[in-house]
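>>> Prediction below, plus the sequence it came from.
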Amino acid sequence: MGNNTSSNSNSVPLDDTPPETLFKQVAYRIPALIYISAEQTYLAFAEKRKTPDDTDAEVLVMKRGLWKNGEEVEWESECVLGSARLDKIHRSMNPCPVYEKVSKTLFLFFICIPIGVSEEYQIKTKKNQAKLCYITSKDTGRSWSDVTNLKDVISEKEKNWATFAVGPGHGVQMENGRLIIPAYAYYFDSLCLFCCSSCCSSCCCLVSRAFAFYSKDEGSTWHVGEQMKCESGECQMAEIKDDTLYCNARSTSGYRVEALSEKGGKCFNKLTSAQLIETGDKGCQGSVLKIRPSDQSTWLLYSHPSDKTTRKDLTIYVNKSSPLDPTQWETIKCINKGPSGYSDLAECGDQKYFACLFECGQNREIEKIAFKIFNINNTTD
């Protein structure tokens, strides 16, 4: 069981408790969080790295947390996911969990990249070296299967991918059972190989575009959806009314990319009136989660640094409109003042409290990964 810790005290309201540090020391990045309601259990994932640099990622780690009596979360000790890797020459990155409710199978997707090979190098050479992999658990993360390498799924598509990644953060199971894994790839047209030199560091034909991997048979087989037509990067997705899939993606345009799919992730159409501000020139990953304050309504929660230039002040937003109107985002609250980076949202089971796992620190946003429960009751009355 390990040394358990509590995220709050019975004498302090949940919403007033400070964030609890789950991963610190050495270097941890890229949080992913999922809540398994049947077991009242949180699973928090991250990359363990030698340094904060992407090329120094090593293995994926996990902590299990039990949501007790609607009052606290007790966390077990950190566990290294030894089977979440191909071999000793690859590093594992971008944890992306999704739970299949019929078979009660937890999938943990991730990518494996040769040690020392950067995203920039793959883009420069226009040669994808990332592998699409997953492991599964039937007992809420206590034990895990061997790794599955879905090389056949991407074999045709990767001919035009300089590189790709999943998530990071949670995937989605739609009401019809379809499993969704958010992803993005740096796509280039075949003609790009002739019009641009392979040594060119910035190719005008090479663009990051979001899409979804999806399964229609409880995860037995997987398919690749079409990429968006516009520039879009790291993303998360949520099902909204009428089996429509919503995508919220990182962008370098100054604004988030919001898009909808009415075909289960096979293709997406951008919402042209999207107004969510992106952070800095390169943007930052954000998280999105469907919530149901009542049986009749579906809202969206969104977490992202609120500052326009710097990764700081992690803020929660809500969109109550139905059908979805991308101009109707409202600010709920800032859950972390100061340096804040990547985040992932999860439910608590009662549609009153929600949880966020996020990067933060005193001087930089990549010093640690913390867990925070927050209350949106005042906005859902």
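Now that the structure is in, tell me what you want to look at.
>>> State the three-state secondary structure for the spatially most central residue of the chain.
By Cα atoms, centre = their mean, the mean C-alpha position of the chain lies nearest to Gly169, the distance being 1.8 Å. Assigned state for Gly169: coil (three-state reduction, DSSP: H, G, I helix; E, B strand; the rest coil).
>>> these two touch, right, it and Phe110?
No: the pair Gly169 and Phe110 does not pass the contact test of Cβ atoms under 8 Å, sitting 11.7 Å apart. Yep, even glycine has a C-beta here, placed from its N, CA and C like the rest.
>>> and the longest strand for this structure?
As assigned by DSSP state E, the longest strand anywhere in the chain is strand 329-347.
>>> Show the subsequent helix or strand relative to it.
strand 353-360 (DSSP states H and E).
>>> which helices and strands sit right next to that next one?
Contacts defined by 3 or more Cβ pairs under 8 Å, 6 or more residues apart in numbering; DSSP states H and E place strand 353-360 against strand 27-36, strand 287-294, strand 297-305, strand 312-319, strand 329-347, strand 368-375.
>>> and the first one, which strands flank it?
Sheet pairing here is set by DSSP bridges, and for strand 27-36 it gives strand 41-49 (antiparallel).
>>> what mean pLDDT does the partner strand have?
Regarding strand 41-49, the rounded mean pLDDT is 97.
>>> Show me which positions of the helix or strand following that strand end up buried.
For strand 41-49, the succeeding helix or strand toward the C-terminus, using DSSP H and E, is strand 57-68. The neighbour-count check on strand 57-68 (16 or more other Cβ atoms under 10 Å) flags Ala57, Glu58, Leu60, Val61, Met62, Lys63, Arg64, Gly65, Leu66, Trp67 as buried.
>>> Quick one: distance of strand 57-68 to the chain centre.
The chain centroid and the centroid of strand 57-68 are separated by 15 Å under Cα atoms, centre = their mean, to the nearest Å.
>>> Run through the neighbouring helices and strands of it.
strand 20-23, strand 27-36, strand 41-49, strand 72-75, strand 79-80, strand 90-100.
>>> need the ones you listed in CSV with mean neighbour count, can you?
As requested, the helices and strands packed on strand 57-68 are exported to CSV (neighbours: other Cβ atoms under 10 Å):
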stretch, mean neighbour count
strand 20-23, 20
strand 27-36, 24
strand 41-49, 25
strand 72-75, 20
strand 79-80, 14
strand 90-100, 24
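>>> just so I know, which of those lies nearest Pro305?
Pro305 sits nearest to strand 27-36 of all the helices and strands packed on strand 57-68, at 13.8 Å, using Cβ to Cβ.
>>> tilt between the closest one and strand 57-68?
40 degrees (axes from the mean of the first three to the mean of the last three Cα atoms, to 10 degrees).
>>> For the nearest residue to Trp75 once chain neighbours are set aside, give me its contacts.
Take Trp75 and drop its neighbours on the chain: the residue closest to it by Cβ to Cβ, 6 or more residues apart in numbering is Gly65, 4.4 Å away. Residues near Gly65 by Cβ atoms under 8 Å, 6 or more residues apart in numbering: Ser7, Thr41, Tyr42, Leu43, Ala44, Val73, Glu74, Trp75, Glu76, Phe371.
>>> Just grab the bridge partners of the third one for me.
With DSSP bridges as the criterion, Tyr42 is bridged to Tyr35, Gly65.
>>> how close does it get to Gly338?
24 Å (Cβ to Cβ, to the nearest Å).
>>> cool, and the last one?
According to Cβ to Cβ, Phe371 and Gly338 sit 17 Å apart.
>>> cool, and the fourth one?
Counting by Cβ to Cβ, the gap between Leu43 and Gly338 amounts to 27 Å.
>>> Please identify the longest helix in the protein, counting by residues.
The longest helix of the chain (DSSP state H) is helix 119-125.
>>> who does that helix touch, helix- and strand-wise?
strand 161-166.
>>> and the angle for the strand it packs on with strand 27-36?
Using the same axes, to 10 degrees: strand 161-166 against strand 27-36 is 60 degrees.
>>> For the remainder of this discussion, apply numbering that starts at 36.
OK, 36 is where the count begins now, so the last one is strand 196-201.
>>> Which strands and helices lie in contact with strand 196-201?
strand 125-135, strand 140-149, helix 154-160, strand 214-222.
>>> where does the stretch 186-335 of the chain have low pLDDT?
The stretch 186-335 of the chain contains residues with pLDDT under 70 at 225-240, 330-331.
>>> what ranges do the strands span in it?
Here the stretch 186-335 of the chain has its strands, by DSSP state E, counting those that start in this stretch, at 196-201, 207-208, 214-222, 242-250, 258-259, 270-275, 279-284, 292-296, 304-305, 322-329, 332-340.
>>> Using a markdown table, lay out these together with distance to Ile65 and mean neighbour count.
Output for the strands of the stretch 186-335 of the chain, formatted as a markdown table (distance: least, Cβ to Cβ, whole Å; neighbours: other Cβ atoms under 10 Å):
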| stretch | distance to Ile65 | mean neighbour count |
| --- | --- | --- |
| strand 196-201 | 10 | 24 |
| strand 207-208 | 18 | 21 |
| strand 214-222 | 14 | 25 |
| strand 242-250 | 17 | 24 |
| strand 258-259 | 22 | 17 |
| strand 270-275 | 13 | 25 |
| strand 279-284 | 16 | 25 |
| strand 292-296 | 20 | 23 |
| strand 304-305 | 26 | 16 |
| strand 322-329 | 12 | 19 |
| strand 332-340 | 15 | 24 |
